[in-house]
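In: Return atomic coordinates for the entry below.
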Amino acid sequence: MFDRKSYFSVHGPDALAVAQNCYCGTGVVKQLGKGAATLASVTLNRSLFEQLLRVALVQQANRVVELYEGHGNSWTLAKCALPRMTRTLRHMRRASHAPPQS
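Out: Have a look, this model is predicted:
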C-alpha cells in the first residue's frame, strides 16, 4: 500500500485482491501503463483503508501489510503490520488519520 496523504493506492496482484474484498468486484481496477507492461491499480479512501486493515490483519489474519510513504520514484517502507499484531494496526490507523501535508 502506498500512502498518498489524501488516499491510499495498491498495485499489482494485491490490487485485484483489494478490489474483490473492498469493492466486491474488479470494476474499480485501473491499468497503469501501456501494452503488455500494464500494472493493476486500486485507490482507497481512509475509511476503506481502515476496513482493509481490519480484514487483512484481524479477521482473516493471513496478510502482511506494508505501508510505503514518499512521492514520485522515491518510496520507503514506513510501517509493516503482521497478522494479529493489534499494536501495529493501531499505529497504522493513526497514520491514516494524520492530516494531509502540502
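
In: hmm, who's touching stretch 24-43?
Out: 4, 7-13, 15-16, 18-20, 22-23 (C-beta atoms under 8 Å, 6 or more residues apart in numbering). Yep, even glycine has a C-beta here, placed from its N, CA and C like the rest.

In: Mind listing what's buried along that stretch?
Out: 29, 40-43 (16 or more other C-beta atoms under 10 Å).

In: Also stretch 54-61?
Out: For stretch 54-61, by 16+ other C-beta under 10 Å, it's 55-57.

In: Could I get the full set of helices for this protein?
Out: 13-23, 46-54, 86-97 (DSSP state H).

In: residues near L53, how many?
Out: 21 (other C-beta atoms under 10 Å).

In: Any stretches of this protein with poor pLDDT?
Out: Along the chain, the model assigns pLDDT under 70 to residues 84-102.

In: what's the closest non-adjacent residue to A40?
Out: Among residues not flanking A40 along the chain, A15 sits closest, at 4.2 Å (C-beta to C-beta, 6 or more residues apart in numbering).

In: residues touching that neighbour, list them.
Out: Neighbours of A15 in contact, by C-beta under 8 Å, 6+ apart: 29, 40-42.

In: And for L48?
Out: C22.

In: Give me the distance between the closest residue to N21 other than its chain neighbours and G70.
Out: In space, N21 comes closest to V55 once its chain neighbours are excluded; the distance is 6.0 Å by C-beta to C-beta, 6+ apart. Look at V55 and G70: by C-beta to C-beta, to the nearest Å, they are 25 Å apart.

In: got it, and A17?
Out: According to C-beta to C-beta, A17 and G70 sit 23 Å apart.

In: likewise V29?
Out: Using C-beta to C-beta, V29 is found at 23 Å from G70.

In: now N21
Out: Taking C-beta to C-beta, one finds N21 at 25 Å from G70.

In: Centre of this protein to the edge, which residue is at the far end?
Out: G35 (24.9 Å; C-alpha atoms, centre = their mean).

In: Kindly format the C-alpha coordinates of stretch 5-20 as CSV.
Out: Below are the C-alpha coordinates for stretch 5-20, written out as CSV (Å, rounded to 0.1, in the frame of the first residue of the first chain):
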residue,chain,number,x,y,z
LYS,A,5,-1.6,11.5,2.0
SER,A,6,-5.2,12.0,0.9
TYR,A,7,-5.8,8.4,-0.2
PHE,A,8,-4.0,5.1,-0.5
SER,A,9,-3.1,3.0,-3.6
VAL,A,10,-2.4,-0.7,-4.1
HIS,A,11,-0.8,-2.1,-7.2
GLY,A,12,-0.2,-5.4,-8.9
PRO,A,13,-1.9,-8.7,-7.8
ASP,A,14,-2.7,-7.1,-4.4
ALA,A,15,-4.9,-4.5,-6.2
LEU,A,16,-7.1,-7.3,-7.6
ALA,A,17,-7.5,-8.9,-4.1
VAL,A,18,-8.3,-5.5,-2.6
ALA,A,19,-10.9,-4.8,-5.3
GLN,A,20,-12.6,-8.1,-4.6
